[in-house]
Structures are given as C-alpha cells and as structure tokens.
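Visitor: quick check, what structure comes out for this input:
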Amino acid sequence: MPKMKTSSAAAKRFSKTGTGKLKRMKAGKQHILTKKSTKMKRNLRKATLVNHTSENNMKKILPYL
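Guide: This is a model prediction of the structure:
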C-alpha cells in the first residue's frame, strides 16, 4: 500500500493543537476592511477551532498532521 498524500493546501491552513483538535484562522481579513468595524477586525485576528463535522473531513486529507 503506498503512502497517503497530504493535501498541501490544507496543510498550510490548519495546525494541530496539543489535544489533537485542528486550529484555523478566521476568514474575512484580506480585503474590503474599510466597512468592517475595528472590533470585528480585531476578532478576526484570533485563531479558532474547526468544528466537529468538518474536523472528520480535514483529518482524511491531513493524515500525518
């Protein structure tokens, strides 16, 4: 059986926490920032965890993470 391939795109976007959950950055911080409030932009800086439903799919494409 050959080795499983990791999705390069997903590997750049997700990292694993100490407990094995997946961490991601929030979307919406790249452009069109003038109409967003300072509070909203500040909250978009923080990382968050991938929800449980998506986490199962992510672990399939990130077998060695």
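Visitor: per-residue confidence at residue 31?
Guide: Looking at residue 31, its pLDDT reads 96.
Visitor: actually residue 65, not the one I typed
Guide: 86.
Visitor: counting neighbours, what do you get for it?
Guide: For residue 65, the count of nearby residues is 15 (other Cβ atoms under 10 Å). C-betas here are computed from N, CA, C, even on glycine.
Visitor: torsion angles phi and psi at the nearest residue to it once chain neighbours are set aside?
Guide: Using Cβ to Cβ, 6 or more residues apart in numbering and skipping residues adjacent in sequence, the residue nearest residue 65 is residue 16, 5.4 Å away. Backbone torsions of residue 16, given as degrees, to the nearest 10, read phi -100, psi 140.
Visitor: what's residue 16 in contact with, if anything?
Guide: Contact analysis of residue 16 by Cβ atoms under 8 Å, 6 or more residues apart in numbering lists 22-23, 65.
Visitor: can you give me the end-to-end distance of stretch 21-37?
Guide: 30 Å (Cα to Cα, to the nearest Å).
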